[in-house]
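# Requesting a structural model of the entry that follows:
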Amino acid sequence: MSDLFDQTLLADEPRSEFQRRRDRRERAQRRRRRRRRTIIAVALSLVLVVGLGVGGFVVIRPLLEGRGDREVQDFPGPGSGSVSVTIEQGATGTAMADTLVEAGVVASREAFVQAFNANPDAAQIQPGTYELLREMRATDAVGALLNPANKSELRITVPEGWRASQIFERIASVAQIPVEEVEAAAQDREAIGLPEHAAENPEGWFAATTYILEPDADATEILRAMVEQTKSTLESLGVPPEDQHEVLTRASIIEHEVNRDEDRGKVARVLENRLQNCSGDGLIGMDSTINYGVGRSGGVPERSELDNADNPYNTRIHPGLPPTPIGAPGVAAIEAVLDPPEGDWCYFVTVDLDTGETRFTADYQEHLANQELFRQWLADNPTDDTDEG
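Just a heads-up that it's a prediction; the model follows:
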């Protein structure tokens, strides 16, 4: 018990000045050691960061230099030779660049993309096939794609009223395809997209307009584009499928009977009146349909042709509309069928083939007088183009 008491008294005795100085020195030494360790750690970290930076730069420098070379890699131009290049629908500038690099038109993707981005009109580049030079400057390549003169395309125009036979010959001539091949393609209803309600004869389904197609389009592709145009027009005008054949037939007759906008609707009304009211026999009596049946595009039918019942297109003998359209109607003629003006006209005759002046009447005697005016015009202006309603 006395030993414990003595130890406690010793522990509580004041520490000597020497001990206190020694403790301070030890604490100071410990602080200096910690500072040195911190400085060394920071220095090592800096060395490591700098080393990594230098090493990284050494590693990526060749890549950066190589990338810089690609961006400026460009042909000096102007280029030579010729190559066909197809720009796909919806192609981006980068996609165009890849196509052009592969074709040898431009030197690098980067050069073309830079030129594309620098040209404010570049977004207007159209899909299609272009004839370009090889090894062009990228800026020149962008300009060439914006120039319609460099676009290689097949352009076929079908005038209003043209028959299928005329259209086939136009396709053969422009696309350099044998006409027999075009005629054979027209018989494949499914391939060219003819709807089920179309007649066996595809007449009238090859829309009258201008078509711009790929230069290598074949006969089937061309005819399908024409049928699709007709279907699109009828759909846009709200013509139900069950009425489309009849609408095209009426419109094709209008197209052959008059050529002035103000007269198309009146002929549409005459057709309706003749089918329903005028004579009660349902005869529309159109010379244009008779001419189609005998393979003629114009002129006045001869008496033997007017009396020929074997011609299914002889609407002076067979009541109702002819079996098929007699040509390719334009949009204006189709619209006239869908919305004809009110009127009681049963007769019409063009009295001046130069101006297209056409007179309409519900009175037969007045119609006979108008016919005399037409005969007088023919006497003064001999011509074979005398279609008459």
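
# Can you list the buried residues in the one helix or strand Ala111 maps to?
Ala111 is part of helix 109-118 when elements are defined by DSSP states H and E. Within helix 109-118, the residues that count as buried by 16 or more other CB atoms under 10 Å are Arg109, Glu110, Ala111, Phe112, Val113, Gln114, Ala115, Phe116. (Glycine included, C-beta is placed from N, CA and C.)

# Flag the shaky bits of this structure, pLDDT-wise.
Counting by pLDDT under 70, the low-confidence segments of the chain come to 1-72, 383-389.

# wait, doesn't Thr129 sit right on Lys151?
Yes: using CB atoms under 8 Å, Thr129 makes contact with Lys151 at a distance of 7.1 Å.

# contacting residues around Thr94?
Arg109, Val113 (CB atoms under 8 Å, 6 or more residues apart in numbering).

# sec struct for it, please.
Assigned with DSSP: H, G, I helix; E, B strand; the rest coil, Thr94 falls in the helix class.

# Look up how far Phe112 lies from it.
Taking CB to CB, to the nearest Å as the measure, Thr94 falls 9 Å from Phe112.

# ok so, going back, can you list residues touching both of Thr129 and Lys151?
Both Thr129 and Lys151 lack any common contact, where contact means CB under 8 Å, 6+ apart.

# Wait, Leu154 touches Gln176, no?
No: contact criterion CB under 8 Å: Leu154 and Gln176 do not qualify, at 9.6 Å.

# Which one's more surrounded, the two?
Leu154 (18 against 8; other CB atoms under 10 Å).

# can you tell me which residues contact the nearest residue to that one once chain neighbours are set aside?
Closest residue to Leu154 apart from its sequence neighbours, by CB to CB, 6 or more residues apart in numbering: Leu213 at 4.3 Å. Shown in contact with Leu213 (CB under 8 Å, 6+ apart): Glu153, Leu154, Arg155, Ile156, Glu221, Ile222, Ala225.

# Quick check, the last one in contact with Tyr211.
Think Ala225. Yes: taking CB under 8 Å as the definition, Ala225 is a contact partner of Tyr211 at 5.6 Å.

# Just the C-alphas of stretch 241-251, formatted as CSV.
C-alpha atoms of stretch 241-251 as CSV (Å, rounded to 0.1, in the frame of the first residue of the first chain):
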residue,chain,number,x,y,z
PRO,A,241,-61.5,2.9,-105.7
GLU,A,242,-64.8,1.7,-107.1
ASP,A,243,-65.2,5.0,-109.1
GLN,A,244,-61.7,5.4,-110.3
HIS,A,245,-62.0,3.5,-113.6
GLU,A,246,-65.1,5.5,-114.6
VAL,A,247,-63.6,8.8,-113.6
LEU,A,248,-60.4,8.1,-115.7
THR,A,249,-62.6,7.1,-118.6
ARG,A,250,-64.7,10.3,-118.6
ALA,A,251,-61.6,12.5,-118.0
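
# What are the buried residues along it?
Gln244, His245, Val247, Leu248, Thr249, Arg250, Ala251.

# any idea which of these is closest to Asp352?
Ranked by distance to Asp352 (CB to CB), the buried residues of stretch 241-251 are led by Ala251 at 23.8 Å.

# ok, the residue nearest to that closest one when sequence neighbours are not counted - contacts?
Closest residue in space to Ala251, ignoring its immediate chain neighbours: Pro329 at 3.5 Å, by CB to CB, 6+ apart. Pro329 sits next to Glu160, Gly161, Gly204, Ala208, Leu248, Ala251, Ser252, Ile254, Glu255 when contact means CB under 8 Å, 6+ apart.

# got the phi/psi numbers for Pro329?
Dihedral angles of Pro329 (phi, psi; degrees, to the nearest 10) stand at phi -80, psi 150.

# what separates Tyr292 from Glu302, distance-wise?
For Tyr292, the distance to Glu302 equals 15 Å [CB to CB].

# who has more neighbours, the two?
Counted by other CB under 10 Å, Tyr292 and Glu302 do not tie: Tyr292 has more neighbours, with 24 against 11.

# name the element the more buried one belongs to?
According to DSSP H and E, Tyr292 maps onto helix 287-293.

# Show me what the helix or strand following that helix is packed against.
Once the chain leaves helix 287-293, the next helix or strand it forms, by DSSP H and E, is helix 303-306. Applying 3 or more CB pairs under 8 Å, 6 or more residues apart in numbering; DSSP states H and E, we find helix 303-306 packed against no helix or strand.

# downstream neighbour of helix 303-306 in the secondary structure list?
Where DSSP H and E defines the elements, the next helix or strand beyond helix 303-306 is helix 331-338.

# Could I get the buried residue list for that next one?
Residues of helix 331-338 classed as buried: Ala333, Ile334, Glu335, Ala336, Val337, Leu338 (neighbour count, 16+ other CB under 10 Å).
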